[in-house]
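> My questions are about this predicted structure, shown below with the sequence.
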Amino acid sequence: MPIVGAGYNSRLIAASRDENGCMWCPDCRDVEEYVKEAFESSSQTGLIIYVGNKPTWKSPENRFRHSHNISSIPTIVRLDNGKETARLVDNEILEPGKLVQLIHEPGRPV
């Protein structure tokens with residue numbers, strides 16, 4: 001199942017939000033500003049998908065677990081020509097240079 005709004009060349013960002021709009025996932029909170037700054041300094045855009053509150057995310061039936069094989073949050077997926085070409089999960093997002101590479105270098109593995 002494709003994610004609505006995901007373009008042919010996209011960056012998908014899976015993150016947490018509860019019904020009050022707050023991030024319940026500590027790893028998502030840890031990377032939030034870093035990801036925001038990286039995209040603000042880029043011409044690339046990202047589509048943020050919120051996986052639901054904690055009980056919704058923990059359900060094996062959560063639709064995002066199946067649509068793009070997301071098993072952990074935060075996750076950032078790069079799609080080039082409609083195909084996944086790179087993925088960063090959890091603390092990989094904070095590793096020096098990896099997020100910038102994922103954002104700016106299509107087709108190149110991270």
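Arrived safely.

> residues touching the residue positioned nearest the centre of the chain, list them.
Residue closest to the average C-alpha location in the chain (C-alpha atoms, centre = their mean): I13, at 2.0 Å. Shown in contact with I13 (C-beta atoms under 8 Å, 6 or more residues apart in numbering): V35, G46, L47, I48, I49, P74, T75, I76. (C-beta placed from N, C-alpha, C; glycine too.)

> What is the nearest of the residues you listed to V89?
Ranked by distance to V89 (C-beta to C-beta), the contacts of I13 are led by T75 at 5.0 Å.

> that's a strand at R78, yeah?
Yes - assessed with DSSP: H, G, I helix; E, B strand; the rest coil, R78 lies in a strand.

> Could you measure from it over to A15?
To A15, R78 is 16 Å away according to C-beta to C-beta, to the nearest Å.

> Ok, P60 next?
Where A15 is concerned, P60 sits at a distance of 19 Å (C-beta to C-beta).

> So for these two, which sits in the more crowded spot?
Neighbour tally, P60 and A15, criterion other C-beta atoms under 10 Å: the higher count belongs to A15, 20 against 6.

> Pairing partners for that one in the sheet, please.
Judged by DSSP bridges, the bridge partners of A15 are Y50.

> How about the contacts made by it?
Contacts of A15 (C-beta under 8 Å, 6+ apart): M23, C25, C28, E32, I48, I49, Y50, V51, I73, P74.
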